[in-house]
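Visitor: no letters, just coordinates:
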């Protein structure tokens, strides 16, 4: 994925995580990764797998479409 897509994806992950009232540590625990990885995801520094994105959507009760809808504010 290109850098802009990763940055927008990261912003959406952060937004939905906060809307669910989860800390980075809590989300990391729910999806089975490390808190620092969540931080890197939210900054658009890493390219997550489809499996990980699916785990995030399950943990935050959203859809993949929600994660990739970059026009929502």
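Guide: Happy to help now that I have it. Keep in mind it's a predicted model, so treat the numbers as computed, not measured.
Visitor: next up, identify which helix or strand the most centrally placed residue in the chain is on.
Guide: Among the residues of the chain, the one closest to the centroid is residue 13, at 2.9 Å (CA atoms, centre = their mean). Per DSSP states H and E: residue 13 is located in helix 3-19.
Visitor: could you list the buried residues of the helix or strand following that helix?
Guide: Sequence-wise, the next helix or strand downstream of helix 3-19 (DSSP H and E) is helix 24-31. Neighbour-count burial for helix 24-31, counted by 16 or more other CB atoms under 10 Å, picks out 24, 27, 28, 30, 31. Just so you know, the C-beta spots here come from the backbone N, C-alpha and C atoms, and that holds for glycine as well.
Visitor: which strands or helices does helix 24-31 pack on?
Guide: helix 35-42, helix 50-60 (3 or more CB pairs under 8 Å, 6 or more residues apart in numbering; DSSP states H and E).
Visitor: now do the contacts for residue 10.
Guide: Residues counted as contacts of residue 10 (CB atoms under 8 Å, 6 or more residues apart in numbering) are 41, 42, 43, 44, 45.
Visitor: and the residue nearest to residue 63 when sequence neighbours are not counted, how far is that from residue 30?
Guide: Computed as CB to CB, 6 or more residues apart in numbering, the closest residue to residue 63 that is not its neighbour in sequence is residue 57, at 6.0 Å. Separation of residue 57 from residue 30 (CB to CB, to the nearest Å) stands at 11 Å.
Visitor: quick one: pLDDT of the residue nearest to residue 69 when sequence neighbours are not counted?
Guide: Closest residue to residue 69 apart from its sequence neighbours, by CB to CB, 6+ apart: residue 12 at 7.3 Å. Looking at residue 12, its pLDDT reads 96.
Visitor: thought residue 12 was touching residue 65?
Guide: No - contact criterion CB atoms under 8 Å: residue 12 and residue 65 do not qualify, at 10.7 Å.
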